[in-house]
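Participant: Using only what follows, build the 3D model:
(one chain, ligands or ions: 1)
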Amino acid sequence: MVVRVRLIYCNLRDIIGLTMCYLSRLAILLSTISLAAAAPQAVAATELNAIAQQLGKLYFGTATDNPELTDAAYTAILNDRNMFGQITAANSMKWDATEPARGQFTFAAGDVIANLAKTNGQLLRGHNCVWHQQLPSWVSNGGFSKADLLSIVGTHCGTLVGHFKVAWDVVNEIFNDDGTIRQDVFSQTTGMDFIATAFRAARAADPNAKLYANDFNIEGPGVKATAYQNLIRTLKSQGVPIDGIGMQSHFIVGELPANIKQNIQDFVNLGVEVAITELDVRMTLPATAALLAQQEKDYQTVIQACNEVPGCIGVTLWDFTDKFSWVPGTFAGQGAACPWDENLALKPAFTGIVNGFSS
Ligand code: 9MR
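Facilitator: Coordinates of the predicted model:
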């Protein structure tokens, strides 16, 4: 019965995709049957978004990228709303993709992702308005005055948020690991003022969008998390609309920070929601059984921490398969960071996620 219910959600676009979808459902069902015996509070659903929503989360999701959408076996999994209830564009809503020249907005690639989410019945996170990377040189080298750059930031954020109408990473990676403000064109030209400008423009463009600050190395307590907590206090005291903190969660196997749950709770206590926005757990290759087993535990730890704090509203993988992970291209000799391997087969990490929701 459960199999029949799940199978009807397979995307019937082509025979390869359909076959992959069926095989994936079967593997999930088998793994969940074995989990059900062990876990004290085994959940009834077998797919990640269905499990997350059953437990009161808004979604379980994944990043995706436009070039990947030609891969039928990949999209058969991506398009399954019970597996992924939310998607994030890994690249096509960034500044270089959306405003390559001043005032010239191009939404074609971003709209492909937005329309995919709509077609699939998935939520969309917008990523991102203001970031020091993938920033066109007309912004970084424009030599603008403070007033000009604030106007540029406001126009960019307002136009993006107004167009896509979703939850947004309004500012991305604005602090260094030591908690100081990152030195880039935005802070060097405007001090901290670009932050309020970006959030206010985003709110004016869409009063319903959830507006986030997003960063890495803020998943555990420490100076960088404290910097964001202070920022939230400051922004709120000034009436600047900030709704959430995105914890990117790009982890290394066996090296998760301690006290993730407490840290999430500390943010929630300040009156914001928290989302795990870019989860992956990389390792030095080759992937051994021991590394994969530790990775399973690490995924479980993160999911359990989010699961146990009601204000942690959802989790997004930074793509679900090693086939399309950003890790090997950035960290030589590292990879295998995702819960699906390069052949789209489930890894032990998938079980870790399910168990994280069950414990
Ligand atoms: O996944 C993205 C990759 O395709 C791009 O080449 C890269 C460019 O910096 O950005 C990656 O996504 C990043 C995200 O936008 C912000 N947090 C870190 C992510 C991994 O680098």
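
Participant: List the contacts of the residue of the chain positioned farthest from its centre.
Facilitator: Relative to the centre of the chain, the most outlying C-alpha is that of Ser145, 33.2 Å out, by CA atoms, centre = their mean. Residues in contact with Ser145 (CB atoms under 8 Å, 6 or more residues apart in numbering) are Thr189. Any C-beta I mention is one placed from the backbone N, CA and C, and that applies to glycine too.

Participant: now do Glu173
Facilitator: Applying CB under 8 Å, 6+ apart, the residues near Glu173 are Trp131, His132, Gln133, Arg182, Asn214, Asp215, Phe216.

Participant: Arrange the residues you listed in CSV, one row each, with secondary structure as further columns.
Facilitator: As requested, those are exported to CSV (DSSP: H, G, I helix; E, B strand; the rest coil):
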residue, secondary structure
Trp131, coil
His132, coil
Gln133, coil
Arg182, coil
Asn214, strand
Asp215, strand
Phe216, coil
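
Participant: out of these, which touch the ligand?
Facilitator: Under the cut-off given by CB under 6 Å from any ligand atom, the ligand has Gln133 from the contacts of Glu173 close to it.

Participant: Report the buried members of the contacts of Glu173.
Facilitator: Buried members of those, counted by 16 or more other CB atoms under 10 Å: Trp131, His132, Asn214, Asp215, Phe216.

Participant: What are the boundaries of the helices in the stretch 51-200 of the chain?
Facilitator: For the stretch 51-200 of the chain, the helices defined by DSSP state H, counting those that start in this stretch cover 72-78, 95-98, 108-120, 137-140, 146-164, 185-190, 193-205.

Participant: thinking Val268 is in contact with Cys312, fair?
Facilitator: Yes: the pair Val268 / Cys312 is scored as a contact, 7.4 Å apart, by CB atoms under 8 Å.

Participant: roughly how far apart are the closest residue to the ligand within the stretch 101-250 of the chain and Asp184?
Facilitator: Closest to the ligand within the stretch 101-250 of the chain is Gln133: 4.6 Å, counting by CB to the nearest ligand atom. Between Gln133 and Asp184 the distance is 9 Å, computed by CB to CB, to the nearest Å.

Participant: still on that earlier bit, have a look at Val268 and Cys312 and say which one is more surrounded.
Facilitator: Higher neighbour count among Val268 and Cys312: Cys312, with 25 against 18, using other CB atoms under 10 Å.

Participant: And the residue lying closest to that one once chain neighbours are set aside, how close does it get to Phe350?
Facilitator: Excluding the flanking residues, the one nearest Cys312 by CB to CB, 6 or more residues apart in numbering is Cys306, at 3.9 Å. Separation of Cys306 from Phe350 (CB to CB) stands at 16 Å.

Participant: Ok, Ile245 next?
Facilitator: Using CB to CB, Ile245 is found at 26 Å from Phe350.

Participant: Looking at the two, which one has more neighbours?
Facilitator: Comparing Ile245 with Phe350 by other CB under 10 Å, the one with more neighbours is Ile245, at 27 against 22.

Participant: That one belongs to a strand, doesn't it?
Facilitator: Yes: under three-state DSSP, Ile245 falls within a strand.

Participant: which residues touch it?
Facilitator: Tyr212, Ala213, Asn214, Ile218, Tyr228, Ile232, Phe267, Val272, Glu273, Val274, Ala275.

Participant: Output those in JSON lines; the columns should cover secondary structure and distance to Gly333.
Facilitator: Output for the contacts of Ile245, formatted as JSON lines (DSSP: H, G, I helix; E, B strand; the rest coil; distance: CB to CB, whole Å):
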{"residue": "Tyr212", "secondary structure": "strand", "distance to Gly333": "32"}
{"residue": "Ala213", "secondary structure": "strand", "distance to Gly333": "32"}
{"residue": "Asn214", "secondary structure": "strand", "distance to Gly333": "27"}
{"residue": "Ile218", "secondary structure": "coil", "distance to Gly333": "26"}
{"residue": "Tyr228", "secondary structure": "helix", "distance to Gly333": "31"}
{"residue": "Ile232", "secondary structure": "helix", "distance to Gly333": "37"}
{"residue": "Phe267", "secondary structure": "helix", "distance to Gly333": "34"}
{"residue": "Val272", "secondary structure": "coil", "distance to Gly333": "37"}
{"residue": "Glu273", "secondary structure": "strand", "distance to Gly333": "36"}
{"residue": "Val274", "secondary structure": "strand", "distance to Gly333": "32"}
{"residue": "Ala275", "secondary structure": "strand", "distance to Gly333": "30"}
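
Participant: List only those of those flagged as buried.
Facilitator: Among the contacts of Ile245, those classed as buried by neighbour count (16+ other CB under 10 Å) are Tyr212, Ala213, Asn214, Ile218, Tyr228, Ile232, Phe267, Val272, Glu273, Val274, Ala275.

Participant: Kindly reformat the helices of the stretch 51-200 of the chain as TSV containing mean pLDDT, mean neighbour count and distance to the ligand.
Facilitator: Converted to TSV, the helices of the stretch 51-200 of the chain look like this (pLDDT from 0 to 100; neighbours: other CB atoms under 10 Å; distance: least, CB to the nearest ligand atom, whole Å):
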stretch	mean pLDDT	mean neighbour count	distance to the ligand
helix 72-78	98	21	15
helix 95-98	98	19	10
helix 108-120	98	17	13
helix 137-140	98	14	14
helix 146-164	98	20	14
helix 185-190	98	19	16
helix 193-205	98	22	16
